[in-house]
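Q: What follows is a predicted structure for the sequence shown.
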Amino acid sequence: MQMKEEYEQRDVVAELRADREDRGLSDEEYREELIAEIDQIDATKRDIKSQIHHRANQAKQEGRGINQVWLRRAKDKIDHLTRERAEIRTELGDINERIKELRRAHHGQAGETLAQEFMKAAKQELDPETFEAILEKATLRAKQE
């Protein structure tokens, strides 16, 4: 594995946002890009860890120590990728929340359960006495459970 001596400090999220704007990606497409970026980071980290393990075993078999400069660079790269992943994960959380908000606005309040919808429909369709009688029975049963 060839590693750069230094990693440029970059704002990975700003780069991803700029790329999104340039390409005109929708929220869902951008979400997929973020997931792909996280997957790529995870794969790179796994590769580096595998190389560390391989070099450590090789050095042990040859009766020598692992190259400490290389090892430090590999671990620094893992740390760098971990920070980038955390930044992207935060952006992914934000975009997921935005997608949910847009869906709520389009489809009505999200999280309305079947029971809540049933209550609304029953209240509209049943006469008040029948609705109250059923509600009372349901309340008693719920308390028993």
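A: That came in fine, so what should we check first? Numbering: from 1, shown residues only.

Q: Every contact and neighbour count from this point should use C-alpha atoms.
A: Fine.

Q: tell me the domain boundaries of the protein?
A: Domain ranges of the chain: 1-110, 112-145, per automatic domain parsing.

Q: Packing partners of the lengthiest helix in the chain?
A: When the chain is parsed with DSSP state H, its longest helix is helix 68-107. Contacts defined by 3 or more CA pairs under 8 Å, 6 or more residues apart in numbering; DSSP states H and E place helix 68-107 against helix 12-23, helix 27-61.

Q: same for the longest one, what does it pack against?
A: Helices and strands touching helix 27-61, by 3+ CA pairs under 8 Å, 6+ apart, are helix 68-107.

Q: Quick one: mean pLDDT for the helix it packs on?
A: Helix 68-107 shows a mean pLDDT of 92.

Q: Could you list the buried residues of it?
A: Neighbour-count burial for helix 68-107, counted by 16 or more other CA atoms under 10 Å, picks out 70-71, 73-74, 77-78, 81-82, 84-85, 88-89, 91-92, 95, 99.

Q: The residue located most distally from the centre of the chain is in what secondary structure piece?
A: Largest separation from the mean C-alpha position in the chain: E129, at 48.4 Å (CA atoms, centre = their mean). E129 is part of helix 128-144, with elements assigned from DSSP states H and E.

Q: And Q124, by the same measure?
A: Element membership for Q124 (DSSP H and E) is helix 114-125.

Q: ok, residues contacting that helix?
A: For helix 114-125, contacts defined as CA atoms under 8 Å, 6 or more residues apart in numbering pick out F131.

Q: Against L71, how distant is R55?
A: R55 sits at a distance of 9 Å from L71 (criterion: CA to CA, to the nearest Å).

Q: go on, A122?
A: For A122, the distance to L71 (CA to CA) stands at 67 Å.

Q: end to end, how far does stretch 104-123 reach?
A: Stretch 104-123 has an end-to-end distance of 23 Å (criterion: CA to CA).

Q: Many thanks, we can stop here.
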